[in-house]
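Enquirer: Predicted model follows, preceded by the sequence.
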Amino acid sequence: MLFIGAGIINTAINFAIYSLCILVFHLDYRLAAFLGLAVSIGSGFLQSRHGVFRSGNSASLWRYLALWAALYVMTIIVVGWLIQMGLNEISAYLVNVLISIPISFVVQKFWVFK
């Protein structure tokens, strides 16, 4: 249940920044995704490490960053493909969020914060 609360907060931060970058500043979706991720990564790590998974593992920061680097690459591929298929940047990003949330949970639970 804590993962859902932390996930909602971090997804909202990430999506708000991504949307702002797309709709207001007209940035490329790749840069917008990077900026949204960069801003939400710090709070996400602290919430996940201390609140959700209660891990004292010192390697968890590096694993967390590796996970998010992989998820960023996945985001660029999925969103780019969905844009080519005709979705706009916002809709494509929302579809990607639905795909990445369960992946993120499983990897954090069984690898990042084990």
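Expert: Looks like it arrived, so ask away. Keep in mind that what you see is a predicted model, and the values were worked out from it rather than measured.
Enquirer: can we go C-alpha only for contacts and neighbour counts from here?
Expert: Will do.
Enquirer: Give me the below-cutoff pLDDT ranges for this protein.
Expert: For the chain, the stretches flagged by pLDDT under 70 are 1, 3, 48-58.
Enquirer: and if we set it to 90?
Expert: 1-10, 40-61, 64, 105, 108-109, 112-114 (pLDDT under 90).
Enquirer: Do you have the helices of it handy? List them.
Expert: With DSSP state H as the criterion, the chain has helices at 2-23, 29-46, 60-84, 89-107.
Enquirer: Looking at those helices, spot the one closest to Lys114.
Expert: helix 60-84 (8.3 Å; CA to CA).
Enquirer: Without its sequence neighbours, what residue ends up closest to the one residue sitting closest to the centre of the chain?
Expert: With distances taken as CA atoms, centre = their mean, the residue of the chain nearest its centroid is Leu37 (5.6 Å). Closest residue to Leu37 apart from its sequence neighbours, by CA to CA, 6 or more residues apart in numbering: Asn14 at 5.8 Å.
Enquirer: pretty sure that neighbour contacts Val39?
Expert: Yes. With contacts counted by CA atoms under 8 Å, Asn14 reaches Val39, the gap being 7.1 Å.
Enquirer: which one of the two has more residues nearby?
Expert: It is Asn14, of Asn14 and Val39, that has more neighbours when counted by other CA atoms under 10 Å, with 22 against 14.
Enquirer: Could you list which residues are in contact with that one?
Expert: Contacts for Asn14 were tallied using CA atoms under 8 Å, 6 or more residues apart in numbering; they are Ala33, Gly36, Leu37, Val39, Ser40.
Enquirer: let's go with 6 Å and repeat that
Expert: Each residue near Asn14 by CA atoms under 6 Å, 6 or more residues apart in numbering is listed here: Gly36, Leu37, Ser40.
Enquirer: What of Pro102?
Expert: Contact analysis of Pro102 by CA under 6 Å, 6+ apart lists nothing.
Enquirer: Can you tell me how far it is from Ala59?
Expert: 22 Å (CA to CA, to the nearest Å).
Enquirer: Equivalent analysis for Met74, please.
Expert: Per CA to CA, Met74 is found 23 Å from Ala59.
Enquirer: again, but for Gly80
Expert: 32 Å.
Enquirer: Neighbour count: these two, which is higher?
Expert: The neighbour count for Gly80 versus Ala59, taken as other CA under 10 Å, is higher for Gly80 (18 against 11).
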